[in-house]
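Participant: no FASTA, just this:
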């Protein structure tokens, strides 16, 4: 909805103003929506505490009502590990982890309910009805290792490891161009993008900014591209994608941060048929090391590179 700041709204906080137009939604619900980036004032994502001025224009995206949870769906899953308290899955690219606006079907959460909820142990409910068993997440078009909790105790133990940053996550990324250094550390704060809600950005001294650290090592160089091993030390939204774009080497086919959602031979300066080589961001969660919440042993789960990234690397190596 688009709202002009009227005489009654001048001098009021943004959340107070929106509560009057939110169809009975509570102030806390409106504040949560604003915190998630649902409100813009004069085109800029704004905080709930912003004091409105005369002549301002407020754009507010009304949140979709919460649902009871995903339906169980018979979707094949590649289980890397499974026991009574947890599972590790090799998530395919294109699969959303949990239901959200516009993505209620075909999610990992729905598939997990079909595979595991009928079995003894089921799935953890700590994350709420829309996120059964979900401890952490991967972006829709990022493939690879994700762990899932089957009990409340396992969920809390796994979540604590992610919060304390004691997990070890390793990604493989194919990026545009070749980084100058064979290995380096990117230490740049990340916050909400100033005007594109779906993106994050490197932002200093902003209320939404959080410290973010990513280390990378160049495994192979191809002139127009490079294969990197990436180990994030923090877990900010889109962190690897934002950081690599910030140093001038965005992940190939990352539409949000490179501006291009596909890769073909001509883009890489290669001869041959102009067939598409990749249609999603070339980012794969290759391994995850954690402490098992029941045995307390350190375990490592690994997922092999998927066919699309292997195919792109084969073309790059053969040029």
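Facilitator: Yep, that arrived. The shown structure was predicted, so the numbers you read here are calculated from the model rather than taken from an experiment.

Participant: OK, contacts around residue 111?
Facilitator: Residue 111 sits next to 73-77, 95 when contact means Cβ atoms under 8 Å, 6 or more residues apart in numbering. (Glycine included, C-beta is placed from N, CA and C.)

Participant: out of those residues, who has the most neighbours?
Facilitator: Most neighbours among the contacts of residue 111, by other Cβ atoms under 10 Å: residue 95, with 21 neighbours.

Participant: against residue 137, how distant is it?
Facilitator: 11 Å (Cβ to Cβ, to the nearest Å).

Participant: and the furthest pair within the contacts of residue 111?
Facilitator: Using Cβ to Cβ, these span at most 14.1 Å, a distance reached by 74 and 95.

Participant: contact partners for the nearest residue to residue 11 once chain neighbours are set aside?
Facilitator: Nearest non-adjacent residue to residue 11, counting by Cβ to Cβ, 6 or more residues apart in numbering: residue 51, 6.3 Å away. Contact analysis of residue 51 by Cβ under 8 Å, 6+ apart lists 11-14.

Participant: next one: residue 208
Facilitator: Residue 208 makes contacts with 191-192, as judged by Cβ under 8 Å, 6+ apart.

Participant: helix, strand, or coil at it?
Facilitator: Following DSSP: H, G, I helix; E, B strand; the rest coil, the label given to residue 208 is coil.

Participant: and it, how far from residue 200?
Facilitator: Residue 208 is 9 Å from residue 200, where distance means Cβ to Cβ.

Participant: burial of residue 127, as a residue count?
Facilitator: For residue 127, the tally of surrounding residues (other Cβ under 10 Å) stands at 17.

Participant: shift numbering so it begins at 2
Facilitator: With the count now opening at 2, the last piece we talked about shows up as residue 128.

Participant: correct me if wrong: it contacts residue 159.
Facilitator: No. The pair residue 128 / residue 159 is not scored as a contact, 11.1 Å apart, by Cβ atoms under 8 Å.

Participant: what do those two both touch?
Facilitator: Common contact partners of residue 128 and residue 159 (Cβ under 8 Å, 6+ apart): residue 136.

Participant: what about this structure, any weak spots by pLDDT?
Facilitator: For the chain, the stretches with pLDDT under 70 are 23-27, 64-69, 102-104, 119-122.

Participant: could you chop it up by domain?
Facilitator: Annotated domains of the chain cover 3-61, 80-165, 170-319 [automatic domain parsing].

Participant: now the ones you listed in JSON lines, with distance to residue 70?
Facilitator: What follows is those, written out as JSON lines (distance: least, Cβ to Cβ, whole Å):
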{"stretch": "domain 3-61", "distance to residue 70": "19"}
{"stretch": "domain 80-165", "distance to residue 70": "4"}
{"stretch": "domain 170-319", "distance to residue 70": "23"}
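
Participant: all helices for the stretch 152-301 of the chain, in order.
Facilitator: In the stretch 152-301 of the chain, the helices defined using DSSP state H, counting those that start in this stretch lie at 153-165, 240-247, 256-259.

Participant: can you point out the buried residues in the shortest one?
Facilitator: Residues of helix 256-259 classed as buried by neighbour count (16 or more other Cβ atoms under 10 Å): 257-259.

Participant: and stretch 186-200, by the same measure?
Facilitator: Going by 16+ other Cβ under 10 Å, stretch 186-200 has these buried residues: 187, 189-194, 200.

Participant: now stretch 171-190
Facilitator: 171-180, 187, 189-190.

Participant: and that stretch, end to end?
Facilitator: Its first and final residues considered, stretch 171-190 spans 20 Å by Cα to Cα, to the nearest Å.
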